[in-house]
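K.L.:
Kindly return the folded structure for what I paste below:
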Amino acid sequence: MSIRQIALALSALATVMLSLTAQAAPRTGFASRADALLKGHLRAGNFSGVVLVARHGKTLLRQGYGLADREQGVLATPETVFRIGSTTKPFTATAVMTLVEGGKVSLDSPIRRYVDGLPAAWSAITVRQLLNHSSGIPDYVQVNGFIRGPARLNLTPGELVGLVRNEPLEFTPGAKFHYSNTGYALLGMMIERITGQSYPDYVRDHLLRPAGLTHTAYDNPEDIVPGRASGYWLVDGIAKNARLMTPSAAYAAGGLRSTVDDLLRWNVALHAGKLVNAASLAAMFTDAGHGYGLGSFVEVRRGHRLWDHGGNLPGFSCAFEYYPDDDLTVIVLTNIEGEGSEHIASELAGAYFG
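P.N.:
So this is what the prediction gives:
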């Protein structure tokens, strides 16, 4: 080998080593930086809950902070169970894709093909438009007085949808994006109509069990759930018991409960092809034109592709972020309502990427 060849080889080796160092640098000390960040939020009084960060299946941080139950003084631990709100939507979307793969649903067929008794104005709305929030159907959660009234009741799916069935469409279906829980309630009704199972039972049998999730379920306040967190909200900085929102008022748009470990298992199983095939996954995580695919936000943050979905409902806030090119998962479950979990998840990813 000539001196020039040796020099070129050494230069190439140096480049590789620099690249590897640059990739490793953000991970160095990540757990301590993240822990300090989270303890800062805990001291500020705007966070209590559990965090999990993992890359390539290796856990970088898995820790509880603060109290799961303030009245009983119970600490939050990685095993604590939280309501996850709209992070339910990726589960519902996956359930729909299992029916698509089985030839029972067509994404571009109108929802009226699968659900009876819908308003004439909704006749052209497709399953795909419900999944990607481009249907134009108003969001029942935004109905005046919802939290103080209907949210406290045990409603049927039909009664949920009935809250907005007489309201005009917000735009021509397919023309725009507007987040609507009503669309996911309709998808839950479709799943029940086609399969003959309740939404909770179908999700349990076809998603939760195959993925090996042992602490995830459709929430029911009557269940005895070891480690279940109590929910709170802040009033002038003082924690108060959360306002009531029944699981039936969240339904297929936000009715599940889970743990950080189960949500990581879910992500691994989903992307390993254990629940739906590659074509379904590609459809779910392709931007439909508004930064949302089928059941997940699809974006680029800090130069990294990101698939994510948060969840907010009275007493709880959930953030689930997956950076597919980095195989990095960030999960934050809190028992304080608001959007705090999503802000914290973004901060943790920023701490990781440096």
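
K.L.:
pLDDT score for Gln23?
P.N.:
The confidence metric pLDDT takes the value 43 at Gln23.

K.L.:
Please, which helix or strand holds Glu167?
P.N.:
Counting by DSSP states H and E, no helix or strand carries Glu167.

K.L.:
residues touching it, list them.
P.N.:
Pro138 (C-beta atoms under 8 Å, 6 or more residues apart in numbering). (C-beta placed from N, C-alpha, C; glycine too.)

K.L.:
Please report phi then psi for it.
P.N.:
Main-chain torsions, Glu167, degrees, to the nearest 10: phi -90, psi 150.

K.L.:
From Gly254, how far off is it?
P.N.:
Using C-beta to C-beta, to the nearest Å, Glu167 is found at 20 Å from Gly254.

K.L.:
show me where the stretch 51-200 of the chain has helices.
P.N.:
All helices of the stretch 51-200 of the chain, identified by DSSP state H, counting those that start in this stretch, fall at 89-101, 127-131, 157-162, 181-195, 199-203.

K.L.:
With mean neighbour count and distance to Pro314 as added columns, please give the ones you listed in JSON lines.
P.N.:
Formatted as JSON lines, the helices of the stretch 51-200 of the chain follow (neighbours: other C-beta atoms under 10 Å; distance: least, C-beta to C-beta, whole Å):
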{"stretch": "helix 89-101", "mean neighbour count": "24", "distance to Pro314": "18"}
{"stretch": "helix 127-131", "mean neighbour count": "24", "distance to Pro314": "24"}
{"stretch": "helix 157-162", "mean neighbour count": "18", "distance to Pro314": "16"}
{"stretch": "helix 181-195", "mean neighbour count": "24", "distance to Pro314": "14"}
{"stretch": "helix 199-203", "mean neighbour count": "21", "distance to Pro314": "20"}
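
K.L.:
Gly29 is nearest to which of these?
P.N.:
helix 89-101 (31.6 Å; C-beta to C-beta).

K.L.:
could you say what helices and strands that closest one packs with?
P.N.:
Judged by 3 or more C-beta pairs under 8 Å, 6 or more residues apart in numbering; DSSP states H and E, helix 89-101 is in contact with helix 127-131, helix 181-195, helix 199-203, helix 247-254, helix 260-271, helix 278-284.

K.L.:
tell me what the second one is packed against?
P.N.:
Packing contacts for helix 181-195, counted by 3+ C-beta pairs under 8 Å, 6+ apart, involve helix 89-101, helix 127-131, helix 157-162, helix 199-203, helix 247-254.

K.L.:
any idea of the angle that helix forms with helix 247-254?
P.N.:
In terms of direction (axes from the mean of the first three to the mean of the last three C-alpha atoms, to 10 degrees), helix 181-195 departs from helix 247-254 by 90 degrees.
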